[in-house]
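> Sequence plus predicted model, see below.
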Amino acid sequence: MRLEISCQDRLGITQDVLDILVTKEIDLRGIEIDPAGKIFLNFPNIEFADFQHLMPQIRRIDGIDDVKTTLFMPGEREKNQLSAILRTLPDPVFSIDAKGHILLCNEAVSAGLEIPSSDIEGTEISEVVKGFNFTKWMDGKSPGPQSSKVKFIQQDYLADMLPITVPDGEQNMIMAGGVVILKSEMRLGQQFTAFHQSPTDSFDRFITQSPFMKRVVHEAKRIADLDAPILIFGETGTGKEMIARACHQSSRRSEGAFLALNCASLPDSVAETELFGYAAGAFNQPNAKVGLLEQAKGGTLLLDEIADMSSQLQAKLLRVLEDGEFRRVGDSEPVKVDVRFICTTCRDLGQLVEEGRFRKELYYRLNVLSLVMPSLKDRRQDIVPLAESFIVQHSTKLGRRPAKLSKSCVDFLQQYPWPGNVRQLQNALYRALSLLDGKEITKEDIQLPSCAPSVTYIDENFEGTLDEEVKKFEKDLLKRLYPSYPSTRQLAKKLGLSHTAIANKLREYGINKATVKL
């Protein structure tokens, strides 16, 4: 039987309790007093009638507030909790005394050694764990936590040695023992993978305070787990690859590979071999090369800047999409395809199709599910949160405390047109932080090309007439506004033109619900 007695801090109150137990001839097994003002008693079970008399007597002692039964003494509870932790830990754990003898070990140790824990306790740990001088470590002047590669049951482990110190009564700490935790290479690999694993919701990384970006992420979440191709439109630096990767991580193919091919950076012949691979003997090569289509089996293949893919490669990719198989260069055997395609482009594929520079059949095969990544100037509510996020990321890499943005800098960032989009913002802040001496980033610390927010960039060597450039600007403006004003009457009112004038311009530029994503 165990009692928990709540009492006041009075000299002799514990003795008064013990005197009652003596008069009742109760054999006390244990007593504990905790700093919270409680006395815990452990004694053999007594008859119910005796118990009924004992409780009131204790309650009548001056300074006693409450008496009740309890299942565990504090020491027993702590021991049970530690024992439960030890039992459930998958890694071998030892508790050792100041001489290096094993006081306690968990089930992972006894299972590994195939010896009961009672036979292990009392053994010197150096007999069980090889490759580290525990005696030298514990005899050191002030031993601290240490890690070392060791051997346990003839296998390599990483050992974490943690010292246990107690006060010696003279405000000094002395070594009382230690805890040794072993981690296998497999366990370390699992933990490393878990540490670098993407968040459960891979879209949490996106900053979406602007309505435009909220809509894009909402659409991406809905189409991520579908297996049809995704076509992502957006200017350079808007984060097309980032949202493509998020779609992959949120799909049923997330356990598979996510591989990418930049169609703009490679010559046609190289891109073909990278994509399809080649058979042994092709190009005078003795060994076969596995292409990205095979490497990405069960996963996702990102074709970056698909508009720059040559017409020859477009035809081969179309055949892959239609037949679900391909042939390596120099091989006659077909290979089945099990990948999901995500393509990105910063160009108007519909216009390229009209001009005959992109295959119409391929365009419709790829444009099953589509996303439009907004430019940074179209999501100005996100600029400051993005900047603050980049400052934290860059400060961590640079080993410095995150800086603050001055008001003038915030105003400047929000007004700048950002032709390079999110990537330009990220790079500008990295440069500013790298050269910053103080704790605040000012407008002067952000070095960017000088330009007015309303300027549209046109190369001074552009080919064309003023009328052609005006038409390009007009078409671009209408395409940008059309998703928000899909009614010609609404769009006409917004621009201060007649309904007929807007309808004619939309018809002239081929802007409608079929060609512009709403």
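Sure thing, it's come through.
> Averaging pLDDT per element, find the lowest-scoring helix or strand in the protein.
Across the helices and strands of the chain, mean confidence by mean pLDDT, DSSP states H and E is lowest for helix 185-196: a mean of 72.
> end-to-end on stretch 65-82?
31 Å (Cα to Cα, to the nearest Å).
> should've said stretch 283-297
25 Å.
> which residues in the stretch 51-200 of the chain form strands?
In the stretch 51-200 of the chain, strands defined by DSSP state E, counting those that start in this stretch lie at 64-69, 93-97, 102-105, 129-130, 146-152, 155-167, 173-184, listed in chain order.
> residues of stretch 142-162 that come out buried?
P143, V150, F152, Y157, L158, A159, D160, M161 (16 or more other Cβ atoms under 10 Å). C-beta here means a position set from N, CA and C on the backbone, and glycine is covered the same way.
> Report the distance from that stretch to the chain centre.
How far stretch 142-162 lies from its chain's middle: 29 Å, per Cα atoms, centre = their mean, to the nearest Å.
> for it, what is the average pLDDT?
Here stretch 142-162 scores 90 as its mean pLDDT.
> Can you tell me which of the buried residues of stretch 142-162 is nearest F258?
Of all the buried residues of stretch 142-162, F258 sits closest to L158, with 30.0 Å by Cβ to Cβ.
> Would you indicate which residues of the helix or strand hosting L429 are buried?
Secondary structure from DSSP states H and E places L429 in helix 421-435. By 16+ other Cβ under 10 Å, the buried positions in helix 421-435 come out as N421, V422, Q424, L425, Q426, A428, L429, Y430, A432, L433.
> Distance from the chain centre to stretch 324-335, please.
The answer for stretch 324-335 is 37 Å, by Cα atoms, centre = their mean.
> quick one: buried residues of it?
Buried, per 16+ other Cβ under 10 Å, within stretch 324-335: F326, R327, R328, V329, G330, D331, V335.
> ok, the nearest residue to G330 once chain neighbours are set aside to K297 distance?
Nearest non-adjacent residue to G330, counting by Cβ to Cβ, 6 or more residues apart in numbering: A282, 3.0 Å away. Separation of A282 from K297 (Cβ to Cβ, to the nearest Å): 21 Å.
> do the same with V337
For V337 relative to K297 (Cβ to Cβ), the value is 8 Å.
> from memory I223 sits against L369, does it?
Yes - between I223 and L369 there is a contact under Cβ atoms under 8 Å: 4.5 Å.
> between those two, who's got more neighbours?
The residue with more neighbours, out of I223 and L369, is L369; 19 against 16, by other Cβ atoms under 10 Å.
> what sits opposite the more buried one in the beta ladder?
For L369, the beta-bridge partners under DSSP bridges are I230.
> That one reaches R222, doesn't it?
No - assessed by Cβ under 8 Å, L369 is found out of contact with R222, at 9.1 Å.
> for the stretch 301-450 of the chain, what are the low-confidence residue spans?
Counting by pLDDT under 70, the stretch 301-450 of the chain contains low-confidence residues at 450.
> in stretch 281-296, what counts as buried?
Quick answer for stretch 281-296 (16+ other Cβ under 10 Å): A288, K289, G291, L292, L293, E294, A296.
> for stretch 359-377, that is, sorry about that
In stretch 359-377, the ones that count as buried by 16+ other Cβ under 10 Å are 359, 362-363, 365-367, 369-377.
> List every C-alpha atom in it, with coordinates, as CSV.
Provided in CSV are the C-alpha atoms of stretch 359-377 (Å, rounded to 0.1, in the frame of the first residue of the first chain):
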residue,chain,number,x,y,z
ARG,A,359,3.8,20.6,-83.1
LYS,A,360,0.0,21.0,-82.6
GLU,A,361,-0.5,17.3,-81.6
LEU,A,362,2.2,17.5,-79.0
TYR,A,363,0.8,20.8,-77.6
TYR,A,364,-2.6,19.2,-77.0
ARG,A,365,-1.1,16.0,-75.6
LEU,A,366,0.9,18.0,-73.0
ASN,A,367,-1.7,20.7,-72.3
VAL,A,368,-4.0,18.4,-70.4
LEU,A,369,-3.6,20.0,-67.0
SER,A,370,-2.0,23.5,-66.9
LEU,A,371,-0.8,26.1,-64.4
VAL,A,372,0.2,29.7,-64.9
MET,A,373,2.8,30.9,-62.5
PRO,A,374,2.4,34.7,-61.9
SER,A,375,5.2,37.1,-62.3
LEU,A,376,6.4,38.8,-59.1
LYS,A,377,4.9,42.1,-60.1
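> What is the distance between it and the centre of its chain?
Taking mean C-alpha positions (Cα atoms, centre = their mean), stretch 359-377 and its chain are 28 Å apart.
> what about K439, neighbour count?
Neighbour tally, K439, other Cβ under 10 Å: 10.
> What of I342?
Neighbours of I342 under the rule other Cβ under 10 Å: 28.
> helices or strands up against the helix or strand hosting it?
Assigned by DSSP H and E, I342 falls within strand 340-345. Packing partners of strand 340-345 (3 or more Cβ pairs under 8 Å, 6 or more residues apart in numbering; DSSP states H and E): strand 230-233, helix 240-249, strand 300-304.
> That one pairs with which strands, and in what direction?
According to DSSP bridges, strand 340-345 has these partners: strand 230-233 (parallel), strand 300-304 (parallel).
> Identify the residues contacting the last one?
Looking back up the chat, that one is strand 300-304. 240-241, 244-245, 247-248, 251, 253, 256-264, 292-293, 309, 317, 339-344 (Cβ atoms under 8 Å, 6 or more residues apart in numbering).
> Show the buried residues in the residues you listed.
Using 16+ other Cβ under 10 Å as the threshold, 240-241, 244-245, 247-248, 251, 253, 256, 258-261, 263, 292-293, 309, 317, 339-344 are the buried ones among the contacts of strand 300-304.
> who wins for proximity to C409 among the strands of the stretch 51-200 of the chain?
strand 146-152 (43.1 Å).
> quick check: angle from that closest one to strand 173-184?
50 degrees (axes from the mean of the first three to the mean of the last three Cα atoms, to 10 degrees).
> Between strand 155-167 and strand 146-152, find me the angle.
130 degrees.
> List the contacts of strand 146-152.
Under Cβ under 8 Å, 6+ apart, the answer for strand 146-152 is 92, 112, 128-132, 137, 156-161, 182.
> Quickly run through the sheet partners of it, with directions.
For strand 146-152, pairing defined by DSSP bridges yields strand 129-130 (antiparallel), strand 155-167 (antiparallel).
> between it and strand 93-97, how many degrees?
Using the same axes, to 10 degrees: strand 146-152 against strand 93-97 is 110 degrees.
> buried stuff in stretch 431-451?
A432, L433, L436, I441, T442, D445, I446, L448.
> who's in contact with that stretch?
Identification of contacts with stretch 431-451 by Cβ under 8 Å, 6+ apart yields 391, 394-395, 398, 400-401, 403-406, 408-409, 411-413, 416-417, 419, 424, 428-429, 457.
> 6 Å instead?
The contact list for stretch 431-451 (Cβ atoms under 6 Å, 6 or more residues apart in numbering) reads H394, L398, A403, K404, L405, S406, S408, C409, F412, A428.
> Make CSV out of those and add secondary structure and distance to L495.
Output for those, formatted as CSV (DSSP: H, G, I helix; E, B strand; the rest coil; distance: Cβ to Cβ, whole Å):
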residue, secondary structure, distance to L495
H394, helix, 41
L398, helix, 47
A403, coil, 42
K404, strand, 41
L405, strand, 35
S406, coil, 37
S408, helix, 34
C409, helix, 34
F412, helix, 29
A428, helix, 33
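> Just the buried subset of these, please.
The buried subset of the contacts of stretch 431-451 - by 16+ other Cβ under 10 Å - is H394, A403, L405, C409, F412, A428.
> Tabulate the CA atom coordinates of whichever strand or helix holds E469 in PDB.
Taking DSSP H and E as the criterion, E469 maps to helix 466-481. Extracted in PDB, the C-alpha atoms of helix 466-481 (Å, rounded to 0.1, in the frame of the first residue of the first chain):
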ATOM      1  CA  LEU A 466       6.400  50.900 -83.500                       C
ATOM      2  CA  ASP A 467       3.000  49.700 -84.500                       C
ATOM      3  CA  GLU A 468       4.100  46.100 -84.100                       C
ATOM      4  CA  GLU A 469       5.500  46.700 -80.600                       C
ATOM      5  CA  VAL A 470       2.300  48.600 -79.600                       C
ATOM      6  CA  LYS A 471       0.300  45.600 -80.800                       C
ATOM      7  CA  LYS A 472       2.500  43.200 -78.800                       C
ATOM      8  CA  PHE A 473       2.000  45.300 -75.700                       C
ATOM      9  CA  GLU A 474      -1.700  45.500 -76.300                       C
ATOM     10  CA  LYS A 475      -2.000  41.800 -76.700                       C
ATOM     11  CA  ASP A 476       0.000  41.100 -73.600                       C
ATOM     12  CA  LEU A 477      -2.100  43.500 -71.600                       C
ATOM     13  CA  LEU A 478      -5.300  42.000 -72.700                       C
ATOM     14  CA  LYS A 479      -4.100  38.400 -72.000                       C
ATOM     15  CA  ARG A 480      -3.100  39.500 -68.500                       C
ATOM     16  CA  LEU A 481      -6.400  41.200 -67.800                       C
END
